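Trainee: please find the sequence and the predicted model below.
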Amino acid sequence: MSLVKKPEMTEKKLAAIRRNQKLSHGPVTEEGRERIRTALLRHGFDVPAEEVAMRALGEDPAQFQELLAGLWEEHNPIGPSQEGLVIRLARATWLQNRADRMQEGLTVRQAQEVSSGRQDRTHAQMMRLKMTQERLRRLAESVECEHYVTTRDDLEKMKNLHQEGVLKDMGEIALALFYQLQAPGTGEDGVDELEKARRVVAQVKEIFGIGMSPEFAPQANVAADSSRSQGGQQDAGATQADVEPAGAAQREEKDARYPQITAAEWEARERPRQLLENILTRQIETCEAQRKAILKESLKGPSPYERAAEIAPTHRDAAPLRRMQDSHFREVRRVTNLLLKIKRYEREMGVSE
């Protein structure tokens, strides 16, 4: 806590400050401008060279002259030492503003680079969600049929989805249900031992040409099927109720392919099949909702918080630019304090005399 009492700001002092502010301006006469030019040349500040450098950086030299004139009028330097300090202060202030523009320019460039790639990333995310949704839809169509038994293709699709992590925790549950709905005796690869043996026999027959039918040979049951179809067309008294539903035919075909599964086991497998179907349907809806949300965000554009997170100071030049700003700020503070001390010393010396 300071023991020196701060001076109170009265209305009279405020009015005096406002009057002095109106008088604080740069040189308005040609003599005043010439005095500043002479001081610049006397202290080694080459105005034409500086103008070329400023214009090359996209800066306006007239603005620097206005800054210098304002500081000159504010501090009213007397003598070469004070004039040099005022010029030094103007240059440090200008460099500080340039450092600010450099950091802002780097941020703008980084934001533009992020914006240019944001549309591609959004489109890629929507495409991945659309592909995932299509794969889930095909799995759901397979699972929704009654007396479903996990096939090798469905198991491979589910494994790929689980490895990609698109279903997160639900992917592990769905994969476990696919394993549970496999045919009895099926291994981890999704193929039972009898199926493996049949495939080996088929490969051997194909290699040695055993039991191969001629290419494009008509099947033996074609004539019977055609005669049966003709008989069906001639039977005008047949009704729709006599035709067996497709679902029942598929169910009988499943039962014929898996005779080792009893009716009680089919009934026990129905509950995990319904659960698996619900999970896949829910994930399809989730993918569609995420795709619509991404589309809506892409049309609306990023929020200020998202943009700020994208242009966070992670660039390798961010820290040097910040140190440059701090260095120029300390220079401005040192020169300003030195000028104020000189002016205070001059006032004290004038009062003592």
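Mentor: Nice, I can see it.
Trainee: give me the contact list for stretch 291-304.
Mentor: With contact meaning C-beta atoms under 8 Å, 6 or more residues apart in numbering, stretch 291-304 is reached by R118, Q119, T122, Q125, M126, L129, K130, Q133, E310. C-beta: built from backbone N, CA, C; applies to glycine.
Trainee: now the fourth one: closest residue in space, sequence neighbours ignored.
Mentor: The shortest distance from Q125 to any residue other than its chain neighbours is 5.6 Å, reached at I294 (C-beta to C-beta, 6 or more residues apart in numbering).
Trainee: measure that neighbour to D120 for me?
Mentor: For I294, the distance to D120 equals 13 Å [C-beta to C-beta, to the nearest Å].
Trainee: compare the two (neighbour count), which wins?
Mentor: Neighbours of I294 and D120, each counted by other C-beta atoms under 10 Å, are more numerous for I294; the result is 16 against 9.
Trainee: could you say which helix or strand holds the more buried one?
Mentor: I294 is part of helix 263-300, with elements assigned from DSSP states H and E.
Trainee: where are the low-confidence patches of the protein?
Mentor: Along the chain, segments meeting pLDDT under 70 span 1-7, 17, 20-28, 30-49, 187-256, 305, 310-315, 351-353.
Trainee: strands along this structure, start to end?
Mentor: Read by DSSP state E, the chain holds no strands at all.
Trainee: what about E113, how many residues close to it?
Mentor: Neighbourhood size, E113 [other C-beta under 10 Å]: 12.
Trainee: over to I261?
Mentor: For I261, the count of nearby residues is 17 (other C-beta under 10 Å).
Trainee: wait, isn't it in contact with A183?
Mentor: Yes: under the criterion of C-beta atoms under 8 Å, I261 makes contact with A183 at 7.4 Å.
Trainee: ok, so of the contacts of stretch 291-304, who is nearest R257?
Mentor: Lowest distance from R257 to the contacts of stretch 291-304 (C-beta to C-beta) belongs to Q133, with 30.1 Å.
Trainee: the closest residue to L67 other than its chain neighbours: neighbour count?
Mentor: Setting aside the residues directly before and after it, L67 is nearest to A90 in space (C-beta to C-beta, 6+ apart), at 5.5 Å. Counted with other C-beta under 10 Å, the neighbours of A90 add up to 24.
Trainee: contacts only, for A90.
Mentor: Each residue near A90 by C-beta under 8 Å, 6+ apart is listed here: F64, L67, L68, L71.
Trainee: against A308, how distant is the closest residue to the first one other than its chain neighbours?
Mentor: Leaving aside its chain neighbours, F64 sits nearest to W94 (5.6 Å; criterion: C-beta to C-beta, 6+ apart). Distance from W94 to A308, counting by C-beta to C-beta: 28 Å.
Trainee: the more surrounded of the two?
Mentor: Ranked by neighbour count (other C-beta under 10 Å), W94 and A308 place W94 first, with 19 against 12.
Trainee: pretty sure that one is in contact with Q65, am I right?
Mentor: No: contact criterion C-beta under 8 Å: W94 and Q65 do not qualify, at 10.6 Å.
Trainee: could you chop this structure up by domain?
Mentor: The record assigns the chain these domain ranges, following automatic domain parsing: 11-115+315-352, 123-207+256-310.
Trainee: quick one: the helices in the stretch 201-350 of the chain, in order.
Mentor: Using DSSP state H, counting those that start in this stretch, the helices of the stretch 201-350 of the chain run over 222-234, 246-257, 263-300, 304-310, 318-352.
Trainee: closest one to L14 among those?
Mentor: Closest to L14 of those is helix 318-352 (C-beta to C-beta; 20.7 Å).
Trainee: for that closest one, buried residues please.
Mentor: Going by neighbour count (16 or more other C-beta atoms under 10 Å), the buried part of helix 318-352 is L321, M324, Q325, H328, E331, V332, V335, T336, L339, I342.
Trainee: spatially nearest residue to the second one (excluding sequence neighbours)?
Mentor: Going back to what we said before, that points to M324. A99 (4.7 Å).
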